[in-house]
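In: Build me a model from this:
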Amino acid sequence: MPTQPFTRPRSPARWRSSAGRVVGAGLVLAGVFFGGVTAADMGYPNGHKGDAGTLTVRECRTQFEHVGSSRHRHARPVDTCTGTFRADRGGAVVEDATVETPAKFEPGTELGIQKTDYRFVMIDEQWIWRSLAIVCVAVCAVVAGLFCLLTGFGGRRGPGFREAWRRVPGGVVVRYVLVGVGGLAALGAGAALLVDGIVR
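Out: Okay, the predicted model is just below:
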């Protein structure tokens, strides 16, 4: 009678840890993507990227953007201005450039804006602080994702936080690094959002 090859069944604990590591990988990828894109855009205020120029306003309008969850959706007013854009360094004139603005402006008003690779942006303090907050939140996501990747935490039936905390490879040093980086990023995000609310 032929014998069947023995295969060791995968333990349920490994499945649970794998689910947590999938969650961690998703958090890391999302944090790196959004943080990287936002950090790259922060080169526009100091002139390292894009084309700085002037938008001569032709008209401004207010649109309402629906934000929030399905239960708590609300309409957020968004002001945009359209006009003619002329780059400071010369080049082609854009007749119908549209940019999101903090308020409406009268026709003929000249606004300092930046032409990026894919849109026009009005660089002001609010934009800078909001971008900084996004970068800090992205760092928090990366730290949380690394914690899940290292320990398997985050799965539906995965290890609890205390057990996962004890599982962190590298012991106390790695734990302190995760807490330190995550804590500083969280404080930075909170401070940036606070300042953004003040200057709004």
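
In: and the helix or strand harbouring G180, how far from the chain's centre?
Out: Element membership of G180, judged by DSSP states H and E, is helix 171-199. In terms of C-alpha atoms, centre = their mean, to the nearest Å, the centre of helix 171-199 is found 14 Å from the chain centre.

In: what is the rounded mean pLDDT of it?
Out: Per-residue pLDDT over helix 171-199 has a mean of 89.

In: what do you get for stretch 74-86?
Out: Taken as a whole, stretch 74-86 has an average pLDDT of 90.

In: Quick check: which ranges of the chain have low pLDDT?
Out: Applying pLDDT under 70 to the chain flags residues 1-17, 44-49, 67-73, 198-200.

In: Which residue ranges make up each domain of it?
Out: Following automatic domain parsing, one gets these domains for the chain: 13-42+127-199, 51-122.

In: My understanding was that D41 contacts T116; is that so?
Out: Yes. Counting by C-beta atoms under 8 Å, D41 sits close enough to T116 to count as a contact (7.0 Å). The C-beta positions use only the backbone N, C-alpha and C, and glycine is treated the same way.

In: how about the helix holding G180: buried residues?
Out: Using 16 or more other C-beta atoms under 10 Å as the burial criterion, the residues of helix 171-199 that qualify are 178, 182, 185, 188-189, 192-193, 195-196.

In: what's the answer for stretch 112-122, then?
Out: Within stretch 112-122, the residues scored as buried using 16+ other C-beta under 10 Å are 113-115, 120-122.

In: Tabulate the residues you listed in TSV, adding columns for secondary structure.
Out: Converted to TSV, the buried residues of stretch 112-122 look like this (DSSP: H, G, I helix; E, B strand; the rest coil):
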residue	secondary structure
I113	strand
Q114	strand
K115	strand
F120	strand
V121	strand
M122	coil
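
In: These: which two are farthest apart?
Out: Across these, the longest distance by C-beta to C-beta is 11.2 Å; it joins K115 and M122.

In: Quick one: the strands in this structure, in order.
Out: With DSSP state E as the criterion, the chain has strands at 51-67, 74-87, 94-101, 110-115, 120-121.

In: could those strands be laid out in CSV, adding distance to V22?
Out: Written out in CSV, the entries for the strands of the chain read as follows (distance: least, C-beta to C-beta, whole Å):
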stretch, distance to V22
strand 51-67, 28
strand 74-87, 33
strand 94-101, 36
strand 110-115, 38
strand 120-121, 35
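
In: Nothing else from me, thank you.
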